[in-house]
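Asker: only geometry, no sequence info:
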């Protein structure tokens, strides 16, 4: 792989379709995901699982705690051994790890109401408890589980909802008055609030707005962010916890596409993955709304190609699904920082830059900076030049079309 960086922008020249605005560190990659084998008690005989297509395994939600990664898998209407699984954050083996049903294979039993049936949103609280939304099944209501990650000895079914299906994601709000979970569903114009101490739920209606993706702000501001279609809203959590029954979310701005998941870091950086798109976006909530990009890959065609989580150290973890090509699944991480590379003024400076010898003297890279809803997107294209051109750096702009071009020829 040949790459270089420009500020916080990382460019991978071995794959001209991929642009990472921050430096991602690869962790694992898989041609295919599979489960760890299960053995009969007291023997080395592998228990046979019901036949399923491993190509259909689709990570949707992720949480990270210590040296453990937790994933919930979308089932695509097939039977799989477990919808909640774990992976290590590192391995001494040259082979990527297999999926381990969590907390055990025995606790994952679709269609049986007292077991984990279809895991959805995941969060880890300050006490090291994993919160798991369980969509239930046709005959079983949705529910919430907590699992103590340090020992895995205490798996509790802490609440059953009065409905089944349509549950999606949650955000945790840990306060001196108690811990609250704010829960969204598909096509529901309300937020479900769950009080951990009281083991009680209530609904807060959001007229005209069907919250889907959700994220909690840092503790000092105590705002809940939610997205409906491509619009971003916020609600003071006081409106959710006082039991009034109705809230009026404030419109913040419009994303370039519809988020299917969001998360917030401790510095107030809101990160989102968006439907039917091949990029990840973010907004620094301490500043006026402005969408920016962390990463994009033109080779991604999945409707939900990214699954994100943050750990206790502020590291962002990214699980990526590729429909075409290999590896199909990639796990990587990076330390998020609020600063990003962008052009904010009309004058475009010449930037000292030197490419590696990967490029021949007949090749240049053309970087296109396009202003669209105040976000700057970068596309790398490889162009052939004739031998008459001398190696040099050119910079020019077209203000009428809001496109800025830098042509970089290797020295």
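Answerer: Nice, I can see it. Remember, predicted model here, so these are calculated numbers, not experimental data.
Asker: Identify the residues contacting the residue nearest to residue 89 when sequence neighbours are not counted.
Answerer: Distances taken as C-beta to C-beta, 6 or more residues apart in numbering place residue 67 nearest to residue 89, at 4.9 Å, with adjacent residues excluded. (Each C-beta comes from the backbone N, C-alpha and C, glycine too.) Listed by C-beta atoms under 8 Å, 6 or more residues apart in numbering, the contact set of residue 67 reads 88-90.
Asker: which among these end up buried?
Answerer: Buried by 16 or more other C-beta atoms under 10 Å: residue 89, out of those.
Asker: Next, format the contacts of residue 67 as a markdown table and append secondary structure and distance to residue 268.
Answerer: A markdown table is the format used below for the contacts of residue 67 (DSSP: H, G, I helix; E, B strand; the rest coil; distance: C-beta to C-beta, whole Å):
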| residue | secondary structure | distance to residue 268 |
| --- | --- | --- |
| 88 | strand | 30 |
| 89 | coil | 25 |
| 90 | coil | 29 |
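Asker: Check the contacts of residue 67 against residue 319 and report the nearest one.
Answerer: residue 89 (12.1 Å; C-beta to C-beta).
Asker: For that closest one, give me the backbone phi and psi.
Answerer: Backbone torsions for residue 89, taken as degrees, to the nearest 10, come to phi -80, psi -10.
Asker: Enumerate every residue touching it.
Answerer: Each residue near residue 89 by C-beta under 8 Å, 6+ apart is listed here: 27, 64, 66-69.
Asker: quick one: which of the residues you listed sit in helices?
Answerer: In helices, judged by DSSP state H, none of the contacts of residue 89 are found.
Asker: part of a helix, is residue 239?
Answerer: Yes. Counting by DSSP: H, G, I helix; E, B strand; the rest coil, residue 239 is located in a helix.
Asker: just for this protein, where's the confidence low?
Answerer: 1-22, 38-55, 76-78, 152-153, 243-244, 336-411 (pLDDT under 70).
Asker: try it again with 80
Answerer: 1-23, 38-56, 75-79, 151-153, 164-165, 219-221, 242-244, 325, 336-411 (pLDDT under 80).
Asker: Residue 273 reaches residue 304, doesn't it?
Answerer: Yes. Using C-beta atoms under 8 Å, residue 273 is in contact with residue 304, at 7.1 Å.
Asker: Now do the strands in the stretch 1-150 of the chain.
Answerer: 3-6, 9-12, 18-20, 25-30, 58-65, 68-74, 84-88, 100-101, 119-124, 129-134, 143-148 (DSSP state E, counting those that start in this stretch).
Asker: deepest of those strands, which one?
Answerer: strand 129-134 (a mean of 25; mean count of other C-beta atoms under 10 Å).
Asker: ok, residue 286 to residue 266 distance?
Answerer: 12 Å (C-beta to C-beta, to the nearest Å).
Asker: likewise residue 109?
Answerer: 37 Å.
Asker: One more: residue 309?
Answerer: Residue 309 is 14 Å from residue 266, by C-beta to C-beta.
Asker: who has more neighbours, those two?
Answerer: The neighbour comparison of residue 309 against residue 266 (other C-beta atoms under 10 Å) goes to residue 309, with 23 against 12.
Asker: Grab the nearest non-local neighbour of the more buried one.
Answerer: Excluding the flanking residues, the one nearest residue 309 by C-beta to C-beta, 6+ apart is residue 62, at 4.0 Å.
Asker: need the contact list for the one you found.
Answerer: By C-beta under 8 Å, 6+ apart, the neighbours of residue 62 are 69-72, 122, 307-309, 317, 319.
Asker: which residues does it form a beta bridge with?
Answerer: On the basis of DSSP bridges, residue 62 is bridged to residue 71.
Asker: Over to residue 28?
Answerer: Under the criterion used (DSSP bridges), residue 28 bridges to residue 331.
Asker: That one contacts residue 94, correct?
Answerer: No. Counting by C-beta under 8 Å, residue 28 stays clear of residue 94, with 10.8 Å between them.
Asker: Parallel or antiparallel, list what pairs with the strand or helix carrying residue 234.
Answerer: Taking DSSP states H and E as the criterion, the element that holds residue 234 is strand 231-236. Partners of strand 231-236 in the sheet, by DSSP bridges, are strand 223-228 (antiparallel), strand 250-254 (antiparallel).
Asker: Dump the contacts of residue 89 to TSV, plus distance to residue 223.
Answerer: Below are those laid out as TSV (distance: C-beta to C-beta, whole Å):
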residue	distance to residue 223
27	32
64	24
66	28
67	32
68	29
69	28
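Asker: Tell me the spacing between the residue nearest to residue 89 and residue 97.
Answerer: 12 Å.
Asker: Now for these two: what residues contact both?
Answerer: residue 88.
Asker: now the strands: where do they sit in the stretch 201-350 of the chain?
Answerer: Counting by DSSP E, counting those that start in this stretch, the stretch 201-350 of the chain has strands at residues 213-216, 223-228, 231-236, 250-254, 259-264, 269-274, 279-284, 292-297, 306-310, 315-321, 329-335.
Asker: Using CSV, please lay out those together with distance to residue 126.
Answerer: Below are the strands of the stretch 201-350 of the chain laid out as CSV (distance: least, C-beta to C-beta, whole Å):
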stretch, distance to residue 126
strand 213-216, 13
strand 223-228, 18
strand 231-236, 22
strand 250-254, 27
strand 259-264, 15
strand 269-274, 20
strand 279-284, 24
strand 292-297, 26
strand 306-310, 14
strand 315-321, 17
strand 329-335, 21
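Asker: tell me the domain ranges of the protein?
Answerer: 20-335, 363-408 (automatic domain parsing).
Asker: which of those domains sits most buried?
Answerer: Comparing the domains of the chain by mean count of other C-beta under 10 Å gives domain 20-335 as most buried, with a mean of 17.
Asker: Figure out how far that one is from the centre of its chain.
Answerer: Centroid separation between domain 20-335 and its chain, computed with C-alpha atoms, centre = their mean, to the nearest Å, is 8 Å.
Asker: which residues does residue 263 bridge with?
Answerer: Note on residue 263: beta-bridge partners by DSSP bridges are residue 271.
Asker: and if you look at residue 226?
Answerer: residue 214, residue 233.
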